[in-house]
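S.K.: Sequence unavailable; structure follows:
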């Protein structure tokens, strides 16, 4: 299938999921803790992951699925086609703000990023990228992101990395005009693509960065780990997404 | 004049100003530094302050005006009626993101807050409060903000205060589920009023907190300095706006 048709199909699923999510916001959420008191999951995260998995199973029964909530497969290799799902990215914002969260989905083939989708539901802003078709913010194609240094812009950084100066990132952050913390990886990557922020630094799981990886590769933006590990979608890694000129300053440990 | 008529008049000015601001975003901005490289001002800040000053002078010629850009009066006392204007709050966001900024305006009489307006232009979200009429988010009245502790929610904190642990605020911040940094006082106060964040901590000028002071007083929310100075709108102060239950934990130095 050509990527154009897959893009339209997946956009349809995402918009359908977003209607469910908006409807769920009008009802009480069921919230549970995962690894710690800030790492939460709701019934909506799980229902939306199940929704995407059903769509994929119905249409692409031979594919593997890696989902944040673990309802997909135990993906141990990225042979053939693999789907990566983050049903609600920024769950804490989803619970506490009912905004500033995303739905994300990516498609990889033999480990190579093919399609990436980051949808900020409450602002109706869909950033998507395709290896064949390029990158779009809703209907508008993004050809190029200005290659600006940190000194002229903003950085979005994870609180713990900033506070504890992991990987020397505190010094890097203070080179920027200002620091932002938004609490949603998808929005943070979208801000880099929009040229609003020059860098985003965090500890991320594969589903947090899989769509951004596709989109950043299409645009020549930089995405790299801070500890020398590869971005092979198998584990949580410290990561920086940035303009190429910011990336030149980073010395991977 | 009753407050209802003034509210409608000021809302009209704010919406008129917002159309000018949105049109200006399509053109190159003229940017200059104020106190440091992160403290910027644009031609739009100045034009919008002049716009509000003309409206006030035409309609309320005997009133004093305190404006961020200094185009108003040298206000040394708050006798009679004083207007406080922040034409673009979050100027760095305005320049770098073309969103996440506010226009703010407040009216005080003999030092007592009467009206406060915080308008987030790009999301068309107007938070306003009147001592006589109550607080509204666009058309919806806000009767009460849930009095939640930090342990159940989010805090928005100024980068320098957080990094350097001024007034012990780092410890306080770490009690929250997560830290946010948005770079706009108006939006930060709006998030507290919406119940999205439980506290906001920053160093603020009078025009940064004058509208929030009116709105917080209407709702029984807490707004206090961290150094024991009074909120008399005469100087820059370290400030915390929060739910009452968070305020109980703060020991003013």
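M.R.: Thanks, I have it. Just so you know, these numbers come straight off a predicted model, no measurement behind them.
S.K.: quick one: residue A:72 from chain B, how far?
M.R.: To chain B, residue A:72 is 27 Å away according to C-beta to the nearest C-beta, to the nearest Å. Just so you know, the C-beta spots here come from the backbone N, C-alpha and C atoms, and that holds for glycine as well.
S.K.: Tally up the residues packed near that residue, please.
M.R.: If you count neighbours by other C-beta atoms under 10 Å in any protein chain shown, residue A:72 ends up with 23.
S.K.: helix/strand/coil for it?
M.R.: Three-state call for residue A:72 (DSSP: H, G, I helix; E, B strand; the rest coil): coil.
S.K.: can you check residue A:65 too?
M.R.: The three-state label given to residue A:65 by three-state DSSP is strand.
S.K.: ok, now residue A:141?
M.R.: strand.
S.K.: Without its sequence neighbours, what residue ends up closest to it?
M.R.: residue A:134 (5.8 Å; C-beta to C-beta, 6 or more residues apart in numbering or on different chains).
S.K.: Just list whatever residues bridge to that neighbour.
M.R.: residue A:130 (DSSP bridges).
S.K.: right, and it touches residue A:215 too?
M.R.: No: with contact defined as C-beta atoms under 8 Å, residue A:134 does not count as touching residue A:215 (9.8 Å).
S.K.: In terms of neighbours, single out the busier of those two.
M.R.: Neighbours per residue (other C-beta under 10 Å) separate residue A:134 from residue A:215, with residue A:215 holding more: 29 against 14.
S.K.: can the one helix or strand residue A:113 maps to be found next to chain B?
M.R.: Using DSSP states H and E, residue A:113 maps to strand A:112-120. No: against chain B, strand A:112-120 shows no contacts by C-beta under 8 Å from any C-beta of the partner chain, the least distance being 12.0 Å.
S.K.: Give the buried residues for that strand.
M.R.: A:113-120 (16 or more other C-beta atoms under 10 Å in any protein chain shown).
S.K.: if I look at the closest residue to residue A:165 other than its chain neighbours, how far off is residue A:227?
M.R.: Among residues not flanking residue A:165 along the chain, residue A:171 sits closest, at 7.4 Å (C-beta to C-beta, 6+ apart). Look at residue A:171 and residue A:227: by C-beta to C-beta, to the nearest Å, they are 17 Å apart.
S.K.: In terms of neighbours, single out the busier of those two.
M.R.: Neighbour count, other C-beta under 10 Å: between residue A:171 and residue A:227, residue A:227 has more, with 12 against 9.
S.K.: Now the more buried one, what are its backbone angles?
M.R.: phi -120, psi 10 (degrees, to the nearest 10).
S.K.: I'd say it and residue A:236 touch.
M.R.: No: contact criterion C-beta under 8 Å: residue A:227 and residue A:236 do not qualify, at 10.8 Å.
S.K.: all strands for chain A, in order.
M.R.: Remark: strands assigned in chain A by DSSP state E are A:31-33, A:40-42, A:64-67, A:81-89, A:102-109, A:112-120, A:125-130, A:134-137, A:140-142, A:154-157, A:178-180, A:199-204, A:222-225, A:237-242.
S.K.: which residue does the stretch 1-150 of chain A bring closest to chain B?
M.R.: residue A:97 (4.1 Å; C-beta to the nearest C-beta).
S.K.: just to revisit the earlier point, check the gap between the residue nearest to residue A:165 and residue A:154 for me.
M.R.: 16 Å.
S.K.: same check, this time on residue A:144
M.R.: Taking C-beta to C-beta as the measure, residue A:144 falls 19 Å from residue A:154.
S.K.: Have a look at the two and say which one is more surrounded.
M.R.: Between residue A:144 and residue A:154, residue A:154 has the larger neighbour count (other C-beta under 10 Å), namely 26 against 10.
S.K.: List the residues that contact the more buried one.
M.R.: When contacts are counted by C-beta atoms under 8 Å, 6 or more residues apart in numbering or on different chains, residue A:154 touches A:176-180, A:191, A:196-198, B:92, B:96-97, B:183.
S.K.: Out of those, which is nearest to residue B:161?
M.R.: residue A:179 (11.8 Å; C-beta to C-beta).
S.K.: nearest spatial neighbour of that closest one, skipping sequence neighbours?
M.R.: residue B:159 is the one closest to residue A:179 (C-beta to C-beta, 6+ apart), at 4.5 Å.
S.K.: Could you give the number of residues near that neighbour?
M.R.: With other C-beta under 10 Å as criterion, residue B:159 counts 20.
S.K.: pretty sure it contacts residue A:178?
M.R.: Yes: with contact defined as C-beta under 8 Å, residue B:159 counts as touching residue A:178 (6.8 Å).
S.K.: Would you mind listing the residues touching both of these two?
M.R.: Taking C-beta under 8 Å, 6+ apart as the criterion, residue B:159 and residue A:178 both touch residue B:181.
S.K.: Retrieve the pLDDT associated with residue A:252.
M.R.: Note on residue A:252: pLDDT of 67.
S.K.: what's the answer for residue A:77, then?
M.R.: Per the predicted model, pLDDT is 92 at residue A:77.
S.K.: any weak-confidence spans in the stretch 1-150 of chain A?
M.R.: A:1 (pLDDT under 70).
S.K.: Within range of chain B, give me the residues from chain A.
M.R.: Near chain B, when you scan chain A using C-beta under 8 Å from any C-beta, you find A:37-38, A:92, A:96-99, A:123, A:153-154, A:159, A:162-163, A:170, A:177-183, A:191, A:194, A:196-197.
S.K.: follow-up on the earlier one: pretty sure the residue of the stretch 1-150 of chain A closest to chain B is touching residue B:190, no?
M.R.: No: between residue A:97 and residue B:190 there is no contact under C-beta under 8 Å: 11.2 Å.
S.K.: Okay, residue A:158 and residue A:133: tell me how far apart.
M.R.: Remark: distance between residue A:158 and residue A:133 (C-beta to C-beta) = 31 Å.
S.K.: Pick out whichever of these two has more residues nearby.
M.R.: residue A:158 (23 against 16).
S.K.: Can you verify my assumption that that one contacts residue A:201?
M.R.: Yes: Residue A:158 is within contact range of residue A:201, at 6.2 Å (criterion: C-beta under 8 Å).
S.K.: So residue A:189 versus residue B:140, what's the distance?
M.R.: Residue A:189 is 32 Å from residue B:140, by C-beta to C-beta.
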